[in-house]
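>>> missing the sequence, but the structure's below:
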């Protein structure tokens, strides 16, 4: 079983920043597409951002473009999600996930992000 370690969640004010980190000791991140998803109360899980293993290309949901940045540090086997200009609607549980071509095979437990207005 793959165990993820997600960190960096917490409470932020609107306009503030947080950086989420994700690593999994049993997985070599450079070989996988890694993504961040989120789920707000009463809503479906949605994709936020992901990065490809093949060419490091990235994807962002329209709702976070220009505010969030996904990055990899292969030496640390870690993927980050830098979140800036946070909005109350960014409040959700954020999940890290990994997969061969799409990040949907292995899932982390999630970290709570709460943005106050």
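All right, it came through fine. Treat the numbers as computed from the prediction; the structure is a model and nothing was measured.
>>> Can you tell me the SS state at the residue sitting nearest the centre point of the chain?
For the chain, residue 36 is the residue whose C-alpha lies nearest the centre (CA atoms, centre = their mean; 2.9 Å). Following DSSP: H, G, I helix; E, B strand; the rest coil, we place residue 36 in the strand state.
>>> Give me the distance between it and residue 90.
12 Å (CB to CB, to the nearest Å). For the C-beta atoms, the positions are set from N, CA and C on the backbone; glycine is no exception.
>>> quick one: contacts for the residue nearest to the centre of the chain?
Counting by CB atoms under 8 Å, 6 or more residues apart in numbering, residue 36 makes contact with 20, 22, 47-50, 70, 79, 81, 94-97.
>>> Swap in 10 Å and give it another go.
By CB atoms under 10 Å, 6 or more residues apart in numbering, residue 36 lies in contact with 6, 20, 22, 47-51, 60-61, 64, 68, 70, 79-81, 83, 94-97, 103, 108.
>>> And for residue 111?
4-10, 18, 20-22, 38, 92-96.
>>> 6 Å instead, please
By CB atoms under 6 Å, 6 or more residues apart in numbering, the contact set of residue 111 is 6, 9, 94.
>>> likewise residue 24?
2, 4.
>>> ok, now with 10 Å
Residue 24 sits in contact with 2-6, 32, 34, 77-79, 96, 98, 106, 108, where contact means CB under 10 Å, 6+ apart.
>>> Save those as CSV, and put in neighbour count and distance to residue 42 too.
Output for the contacts of residue 24, formatted as CSV (neighbours: other CB atoms under 10 Å; distance: CB to CB, whole Å):
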residue, neighbour count, distance to residue 42
2, 12, 29
3, 12, 28
4, 20, 25
5, 14, 28
6, 21, 22
32, 22, 30
34, 26, 27
77, 15, 34
78, 18, 31
79, 27, 28
96, 28, 22
98, 26, 27
106, 18, 26
108, 20, 21
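>>> Return the member of the residues you listed nearest to residue 117.
Nearest to residue 117 out of the contacts of residue 24 is residue 6 (CB to CB; 24.8 Å).
>>> Which strand or helix spans that closest one?
strand 5-7 (DSSP states H and E).
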